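Visitor: Below are the sequence and a predicted model for it; my questions follow.
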Amino acid sequence: MDALWVFGYGSLIWNPGFVVAERRLARLDGWHRSFCMKSVQYRGTPERHGLVLALDARAGAVCHGVALRAADPATALPYLRDRELSGSGYEERFVPLQTDQGEVTGLTFVITPAQPDYLALPMNLQARAIAQAVGARGPNRDYLFATADHLAQLGIPDPEMEALVAMVKAQPL
């Protein structure tokens, strides 16, 4: 494998877990960033699940994120598969990413409604779950806040995430 590009739309933006040789702002058409994947280990428990981001297919949708070129694809690819495919939510896909330097093919992880961990909730219930859940990697709210902060730092607007941040901050601890 000559180059491995990875599409970061959530925690991969701020915690890729592999050495990144190059970063580019990127756009993925036909997919929506959504808190639609149940987390019962990393950001929640079986008794009080959390929610993590996933790419959910949606006609006409656009997801802005970051294309990350791995410095060492031979170590990055097994690491990513271990990290992202450990549960029953994500599916691995290679997708066309639009960047300001042209199109690249990038690896990403998506969810479908057929997956057992797919959970489409209204925003008020997402906020409640995120505000209350804590898992092996810490409070679910920290995951939300870190992702929203990094998107803002990159100049990537996400009004839905911004609204969710406000709703979670308004929730009692």
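Guide: Sure, I can see it.
Visitor: Regarding this structure, what is its longest helix?
Guide: Counting residues, the longest helix found in the chain (DSSP state H) is helix 140-153.
Visitor: what's it in contact with?
Guide: 10-11, 13-15, 35, 39, 43-44, 50-53, 129-134, 137, 157-158, 161-162, 164-165, 168 (CB atoms under 8 Å, 6 or more residues apart in numbering). C-beta: built from backbone N, CA, C; applies to glycine.
Visitor: again, 6 Å this time
Guide: The contact list for helix 140-153 (CB atoms under 6 Å, 6 or more residues apart in numbering) reads 10, 13, 14, 43, 50, 130, 131, 133, 158, 161, 165, 168.
Visitor: I'd like to know the average pLDDT value across it.
Guide: Averaging pLDDT along helix 140-153 gives 98.
Visitor: Give me the angle between the helix or strand following it and helix 140-153.
Guide: Using DSSP states H and E, the helix or strand that follows helix 140-153 in sequence is helix 159-170. Calculated by axes from the mean of the first three to the mean of the last three CA atoms, to 10 degrees, helix 159-170 forms an angle of 140 degrees with helix 140-153.
Visitor: Using CSV, write out every CA atom in helix 159-170.
Guide: Provided in CSV are the C-alpha atoms of helix 159-170 (Å, rounded to 0.1, in the frame of the first residue of the first chain):
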residue,chain,number,x,y,z
PRO,A,159,-24.8,23.5,13.9
GLU,A,160,-26.3,20.2,15.0
MET,A,161,-23.3,19.4,17.2
GLU,A,162,-23.2,22.9,18.5
ALA,A,163,-26.9,22.6,19.6
LEU,A,164,-26.1,19.2,21.2
VAL,A,165,-23.2,20.8,23.2
ALA,A,166,-25.5,23.4,24.5
MET,A,167,-28.2,20.8,25.5
VAL,A,168,-25.6,18.6,27.2
LYS,A,169,-24.2,21.6,29.2
ALA,A,170,-27.7,22.4,30.3
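Visitor: Local confidence estimate at the residue nearest in space to the middle of the chain?
Guide: Nearest to the geometric centre of the chain sits residue 10, at 3.0 Å (CA atoms, centre = their mean). On pLDDT, residue 10 comes in at 96.
Visitor: Tell me the spatial nearest neighbour of it, not counting adjacent residues.
Guide: Closest residue to residue 10 apart from its sequence neighbours, by CB to CB, 6 or more residues apart in numbering: residue 53 at 3.6 Å.
Visitor: what about the one you found, which SS state?
Guide: Secondary structure, DSSP: H, G, I helix; E, B strand; the rest coil: residue 53 is strand.
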